[in-house]
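*Asks:* predicted model and sequence below, questions to follow.
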Amino acid sequence: MTLTDLGWSPWFEEAYAPFRDSGWQPARLIRDNRISYGALLGDGEEREVVMGGKVYHDAQSDADLPAVGDWVALELGGPGEETVIRARLPRRTCFSRRAPGHSAEEQVIVANVDVVLVVTEAGTDYNPRRLERYFAIIGRSGAKPVVLLNKSDLFTAAENKEVLAAIKKLNPEAEVHLTSAHTGKGLPAVRAYFQTGVSVAFIGSSGVGKSALVNRLLGDEYQWTGEVNETTGKGRHTTSARELMVLRKGGIVVDNPGIKEIQMWTDETTLRERFADIEALAARCKFHDCKHGSDAGCAIRTAVEAGELDSARYAGYLKLDEEIVKLQGSRKKRQMTIERRFKREGRQKVRNLSDRRELEREASPWRKSHYEP
């Protein structure tokens, strides 16, 4: 194994330049163990590593902390010593979402991924609005979007064809494949994405067969899977933690736990790009400040009434737009709070330093000899 097999490139080589003379070693994080990480070095050695204090204190948010897929600079410990992450390299791509709940924090799902494979099926898991959310955050990440319509053996050809066409309509740029981990259908097309140094992440709901596909691609039962529920057709296995795995024949796989919430972490520009058809319609409205409701000459309302624009798609767009506006407001408030905190801490440090210097002057022998009779 080499660094290239792990995804190293001239881009990361340049980013590593400041640490080249430090004696530290580049490595890629393959697992987050909450209090430590699993890391792979260029020679294939795997080490349990911990985060250095400077890396932690320099992070302005949890998203700045090391995550699975990150490249880091390690200070290798000897026998009985810890191996420490001394620096995290900049990310070439970053697939993330807003943290679940009411937080305005970014949650990094995986860093430096080249292709994101969204796994769904033609049954109850298929949800156009959820896929639009996936496409929005994948678009922001910089990774290539691919959809795997899995468990194709459980549905009719007509059902698979209908959903496949609907997904292509949602995002013409995304590649869509019919797959079945059970029969092997579509796996050659999926394997084509796995090239030396290329990182591919699997995401989707629990039970859609992500880990079963990974098992077939790995060629063994590296990931445990349980029996299939006869009623739902879903496997009982649920990946409990994301992990990066290097394939023997080339390529890198990241299997993620099932995602229940797809909270938006993107911007207006990316959203507009994902809904270019709606933006084009809005440009045709009679008035530039059209609210797209009862306003005269509204091209969007006309398209919805004529059946040219899916009303559910437009409603989904409005909901995503509203979430982004709220997110931007929350992020701005959070940034202001952080800045105020840093200012308070800075003022406190200045006061502490001033007090310490005053005490040192009071205790100085020169001061005593100068003032004592």
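*Replies:* In hand now; what should we look at?
*Asks:* give me the neighbour count for the closest residue in space to residue 48 that isn't next to it in sequence.
*Replies:* The shortest distance from residue 48 to any non-neighbouring residue, by C-beta to C-beta, 6 or more residues apart in numbering, is to residue 36 (5.4 Å). The way it works is simple: take the backbone N, C-alpha and C, and place the C-beta from them, glycine included. Residues near residue 36, counting by other C-beta atoms under 10 Å, number 16.
*Asks:* residue 36 and residue 189: what is the separation?
*Replies:* 37 Å (C-beta to C-beta, to the nearest Å).
*Asks:* before we move on, back to that, what values do phi and psi take at the residue nearest to residue 48?
*Replies:* phi -150, psi 180 (degrees, to the nearest 10).
*Asks:* what's near enough to touch it?
*Replies:* Residues near residue 36 by C-beta atoms under 8 Å, 6 or more residues apart in numbering: 48-50.
*Asks:* chain center to the host helix or strand of residue 133, what's the gap?
*Replies:* Under the criterion of DSSP states H and E, residue 133 resides in helix 128-141. Centre-to-centre, helix 128-141 and its host chain are 12 Å apart (C-alpha atoms, centre = their mean, to the nearest Å).
*Asks:* report the rounded mean pLDDT for that helix.
*Replies:* What helix 128-141 shows for mean pLDDT is 86.
*Asks:* can you name the element that comes right after it?
*Replies:* Helix 128-141 is succeeded, C-terminally, by strand 144-150 (DSSP H and E).
*Asks:* taking strand 144-150 as reference, get the angle to the helix or strand following that next one.
*Replies:* Proceeding N to C from strand 144-150, the next assigned helix or strand is helix 157-170, under DSSP H and E. Computed with axes from the mean of the first three to the mean of the last three C-alpha atoms, to 10 degrees, the direction of helix 157-170 lies at 160 degrees from that of strand 144-150.
*Asks:* residues contacting the closest residue to residue 142 other than its chain neighbours?
*Replies:* Spatial nearest neighbour of residue 142, chain neighbours left out: residue 93 (3.9 Å); criterion: C-beta to C-beta, 6+ apart. Residue 93 makes contact with 111-114, 141-143, according to C-beta under 8 Å, 6+ apart.
*Asks:* circling back: can you tell me how far the residue nearest to residue 48 sits from residue 183?
*Replies:* 40 Å.
*Asks:* grab the most central residue of this structure for me.
*Replies:* The chain has residue 95 as the residue nearest its centroid, 2.3 Å off, counting by C-alpha atoms, centre = their mean.
*Asks:* which of the three states applies to that residue?
*Replies:* Three-state call for residue 95 (DSSP: H, G, I helix; E, B strand; the rest coil): strand.
*Asks:* touching, it and residue 139? I think so.
*Replies:* No. Using C-beta atoms under 8 Å, residue 95 makes no contact with residue 139, being 10.5 Å away.
*Asks:* can you give me the helices in the stretch 101-250 of the chain?
*Replies:* Using DSSP state H, counting those that start in this stretch, the helices found in the stretch 101-250 of the chain span residues 128-141, 157-170, 187-191, 210-218.
*Asks:* of all those, which one comes closest to residue 120?
*Replies:* helix 128-141 (7.1 Å; C-beta to C-beta).
*Asks:* who are the packing partners of the closest one?
*Replies:* strand 94-98, strand 115-121, strand 144-150, helix 157-170, helix 268-274, helix 311-363 (3 or more C-beta pairs under 8 Å, 6 or more residues apart in numbering; DSSP states H and E).
*Asks:* chain center to the first one, what's the gap?
*Replies:* Looking back up the chat, that one is strand 94-98. On C-alpha atoms, centre = their mean, the centre of strand 94-98 falls 3 Å from the chain's centre.
*Asks:* just the pLDDT at the residue nearest to residue 48, thanks.
*Replies:* For residue 36, the pLDDT comes out at 90.
*Asks:* same check on residue 271?
*Replies:* Looking at residue 271, its pLDDT stands at 59.
*Asks:* residue ranges with poor pLDDT in the stretch 1-150 of the chain?
*Replies:* Residues of the stretch 1-150 of the chain that meet the criterion pLDDT under 70 lie in 98-104.
*Asks:* which residues in it form strands?
*Replies:* Secondary structure of the stretch 1-150 of the chain (DSSP state E, counting those that start in this stretch): strands at 25-32, 37-41, 46-51, 71-75, 83-88, 94-98, 106-111, 115-121, 144-150.
*Asks:* same list, those, but as TSV with distance to residue 169 please.
*Replies:* Putting those into TSV (distance: least, C-beta to C-beta, whole Å) gives the following:
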stretch	distance to residue 169
strand 25-32	37
strand 37-41	40
strand 46-51	44
strand 71-75	37
strand 83-88	39
strand 94-98	24
strand 106-111	26
strand 115-121	15
strand 144-150	12
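*Asks:* closest one to residue 251 among those strands?
*Replies:* Proximity to residue 251 (C-beta to C-beta) singles out strand 115-121 among those, at 9.6 Å.
*Asks:* parallel or antiparallel, list what pairs with that closest one.
*Replies:* According to DSSP bridges, strand 115-121 forms sheet pairs with strand 144-150 (parallel), strand 199-204 (parallel).
*Asks:* residue 277: which of those strands is closest?
*Replies:* Closest among the strands paired with strand 115-121, using C-beta to C-beta: strand 144-150, at 17.0 Å.
*Asks:* contacts for the closest one, please.
*Replies:* By C-beta under 8 Å, 6+ apart, strand 144-150 touches 114-122, 131, 134-135, 138-139, 160, 163-164, 167, 171, 173-181, 186, 190, 193, 208-209, 213.
*Asks:* so what's residue 226 scoring on pLDDT?
*Replies:* On pLDDT, residue 226 comes in at 39.
*Asks:* before we move on, the earlier item: tell me which of the strands of the stretch 1-150 of the chain sits most buried.
*Replies:* Ranked by mean neighbour count, the strands of the stretch 1-150 of the chain are led by strand 115-121 with a mean of 25 (mean count of other C-beta atoms under 10 Å).
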